[in-house]
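In: I would like the atomic coordinates for the input below:
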Amino acid sequence: SGRLDWIVWPRRRRPRKEDADQAARGKALPATTWVANEPWDIPKHHVYNPLPWTTFHCRDSVVASEIRTLSQLLAKGHRQVLWMILQVAGNVAGPEISAVLGDAIATLDPRVEGMARCISRHYPYLNSALAKDENKQSSSDVLTPLLELWLLDDASRDGRVAKLMERKDCEYFVFFGTSFARHLSNARQEWLHKCLLKLSAPADGKAEFFHYARRGPILRQVAQLRCGSTGWRAMLKGQHATPQGVQMFLWHPQTQAEFARRALYSTDNNSLCLLPRPEYADAIAQVAQVLDRYPREQTAKENTDDLWGWEVIQSAGAYSSITTEVERRFLELPAAWVCDAVEDAQVEVLLSALGQADDAAKSLKVLGKYAGKVKQAKEAVTKMMAQLSPPQARVLIKDVMLPKKAGVGLQVAGLKMIVDLHIPDPFDLYRMAWRKGFCQRDVAGNILAKVATSPEFTPESVCDFFTFFDFPDREDDQIYVAEFLLDQLTASPEWTM
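Out: Numbering: from 1, shown residues only. Predicted structure coming up:
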C-alpha cells in the first residue's frame, strides 16, 4: 500500500486553573461534581456529558501520602480501589495522582469494560461487583472517568495517548469518553487509521460492545469531534437537525474510506448526513448502495417499550471469574439493532446531505441514476442543476439528465433546462436525446417544439427531425406528438417552421 503522508494539526485549548484555595472558599470543584454525578453514564442520562470546559483542581501535594497508599492498594487488584482513585483525582491534580491514574488504566481491559457496560444492570449480581460502593443502580464504567481525568492536561496528552497506542487493545479506548478519540481525529490521524483497521462493523459478524448505541459512544461520533462554536459539545447535546462538529477533512483518503465502511453502515439520520462528507473517499458509491435498496422497510423492529431501560434478566448468580462471566453474558445478548430502512424519510435526509457535498458533479450523477426510481431525486437534480453555470450545466445535463436510463421525467426536465439556463450549443444535446426518433413520445414532442420555435436553427439542420411523422407503426405516438407540438406552436409568439 505504500507510505501514507499523514497531515497532523495539533490543537491546544486554553490552560486550566489549579487553585488550592477553591475548597477553602466553599466553591465546588467541577471535576468533583462530575465524578460524583456519573454524567458519563449514557443509559441513565441519554447523552454523554463531558468534563466542564473550565476545570480546576487542588494540587496533589496536599494528599501525597494518601495517594501513595492508594497506589499500594491498587496492586492488590480490588475494584473499589479504582473508584477511590477516581474520587481523589476529581479533587486533586499533579504528577503523583497522574501516575496512579495511568497505573489504574493499565489494569483494565477496555473490551471487558465495554461489554460490562452493555450487560451489567441486566445482571445485578455483576453490577454490584463492578459499580461504586457495590451499588446495583450505579454505572459499572470506571474506565471512562479515569481516562478523561488522565488525558485532561493538554501538554501531556499526546505522550499519554502514545502510551495507550502501544497496547494491543488500543482501538477500544475510542469508546470511552471523548479525549482519546478527539486527539486521534484532530492531531494524530495515523493512530486513528490504525484503530479503524482493527475495528469491525456489525455486518462483519463479530459482536462488539460499541455496536450498542444506547450503552455508550459509537464509532460514527468520532467524525463529530471538531473544535469550534458548533463543535463537539454541541454534537453531544443532540438537539440539532444536522450533525455538528464534523471534522473529516484532515483525514487521509484511506482513513475516510475505512471510517465510512466501519462507521456509516446505518440509515439513521446522522449516518446519512455524514455519508457524503468524506471529501477524498468514494462516499458517493456508498450513497448509491443506499439508494439501490429503495424502497425497503426496516428489517428488525426495535423494542420501543423502554429504549433506555434495563430489564433484569438474573438477579443473583455465582462465577469463578468475573471477566469470563461478563463475556459469557454479553454473548447472550440479542444482536445490536441497526436502522436499515430506506424509505421516503431516509431519502429526503440523504438528498439534503448530498446538497452539501464538495463535489456537486458526483452528487448529480448519482442522483440522476435514481431519478426515475426515486421521485425526490428528480426534484433534487433539477434544483441543484439550476445553481450551476451554463457550461457546467451543459456537461451534467448531457451526462445525467438526457441518457435513456435517466427516465422520461428527467429527460423532459433536462430539455426544459437547456432553454431556461441558456445552455450554449444545444443542438448536439437535442440530437442525443432524439436518438434518431426512437425516443419516448413526450421527449419527441418537447424536442420538436424546441427546434421548431428556436430562431438559432436553420430549416435544413432540423428538417430530419420531422421525419418522425413518417415512421410506420407509431400512429398513436404521432397523433399525440402532433397535438402537443401544435399546442406549443400556438402558445409561442413567434416560430420559424
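In: And the closest residue in space to S61 that isn't next to it in sequence, how far from P276?
Out: Distances taken as C-beta to C-beta, 6 or more residues apart in numbering put G94 closest to S61, at 6.4 Å, once the chain neighbours are dropped. C-beta here means a position set from N, CA and C on the backbone, and glycine is covered the same way. Distance of G94 to P276, given as C-beta to C-beta, to the nearest Å: 46 Å.
In: Then G445?
Out: 36 Å.
In: Settle it for me: which of these two has more neighbours?
Out: More neighbours surround P276 than the other of G445 and P276, with 26 against 23 (other C-beta atoms under 10 Å).
In: Settle this for me: that one is touching A285, isn't it.
Out: No. Shown here, P276 and A285 do not form a contact pair, counting by C-beta atoms under 8 Å, at 10.9 Å.
In: Could you pull out the residues contacting both of the two?
Out: By C-beta atoms under 8 Å, 6 or more residues apart in numbering, P276 and A285 have no common neighbours.
In: Against which helices or strands is the host helix or strand of G159 packed?
Out: Following DSSP states H and E, one finds G159 within helix 154-165. Judged by 3 or more C-beta pairs under 8 Å, 6 or more residues apart in numbering; DSSP states H and E, helix 154-165 is in contact with helix 95-106, helix 179-186, helix 189-198.
In: most tightly surrounded among those helices?
Out: Highest mean neighbour count of these: helix 179-186, a mean of 23 (counted as mean count of other C-beta atoms under 10 Å).
In: Check which helices and strands that helix sits against.
Out: helix 143-150, helix 154-165, helix 189-198.
In: want to try JSON lines for those helices, with mean pLDDT and distance to G368 as columns?
Out: Below are these laid out as JSON lines (pLDDT from 0 to 100; distance: least, C-beta to C-beta, whole Å):
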{"stretch": "helix 143-150", "mean pLDDT": "97", "distance to G368": "46"}
{"stretch": "helix 154-165", "mean pLDDT": "95", "distance to G368": "44"}
{"stretch": "helix 189-198", "mean pLDDT": "96", "distance to G368": "32"}
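In: got a markdown table for those helices, with distance to L489 too?
Out: Putting the helices and strands packed on helix 179-186 into a markdown table (distance: least, C-beta to C-beta, whole Å) gives the following:
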| stretch | distance to L489 |
| --- | --- |
| helix 143-150 | 73 |
| helix 154-165 | 73 |
| helix 189-198 | 62 |
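In: so which of these gets nearest N303?
Out: helix 143-150 (25.7 Å; C-beta to C-beta).
In: Would you confirm that D476 belongs to a strand?
Out: No. D476 is assigned helix when assessed by DSSP: H, G, I helix; E, B strand; the rest coil, not a strand.
In: what's downstream of the helix or strand of the chain with the lowest mean pLDDT, the next helix or strand?
Out: Comparing helices and strands within the chain by mean pLDDT, DSSP states H and E singles out helix 360-370 as the least confident, with a mean of 71. Under the assignment DSSP H and E, the closest C-terminal helix or strand after helix 360-370 is helix 375-385.
In: Report the angle between that following helix and helix 360-370.
Out: 150 degrees (axes from the mean of the first three to the mean of the last three C-alpha atoms, to 10 degrees).
In: Now do helix 375-385: which elements does it pack against?
Out: Using 3+ C-beta pairs under 8 Å, 6+ apart as the test, helix 375-385 ends up in contact with helix 344-354, helix 360-370, helix 408-420.
In: Tell me where the stretch 251-400 of the chain has helices.
Out: Along the stretch 251-400 of the chain, counting by DSSP state H, counting those that start in this stretch, helices occupy 253-263, 269-274, 283-292, 322-331, 344-354, 360-370, 375-385, 390-396.
In: Quickly, which of those helices bottoms out on average pLDDT?
Out: Between those, the one with the least mean pLDDT is helix 360-370; it has a mean of 71.
In: Flag every buried residue along that one.
Out: Using 16 or more other C-beta atoms under 10 Å as the test for burial, helix 360-370 gives A360, K362, S363, L364, K365, V366, L367, G368, K369, Y370.
In: Looking at those residues, which is nearest I42?
Out: S363 (34.0 Å).
In: surely the closest one meets I284?
Out: Yes. Contact status for S363 versus I284: in contact at 6.7 Å, counting by C-beta under 8 Å.
In: Could you list the low-confidence segments of the stretch 351-497 of the chain?
Out: Of all residues in the stretch 351-497 of the chain, those with pLDDT under 70 make up the ranges 355-361, 371-373, 493-497.
In: run the last query once more with 90
Out: With pLDDT under 90 as the threshold, the stretch 351-497 of the chain has low-confidence stretches at 351-411, 413-414, 419-420, 422, 424-425, 449-464, 466-467, 470, 472-474, 484-497.
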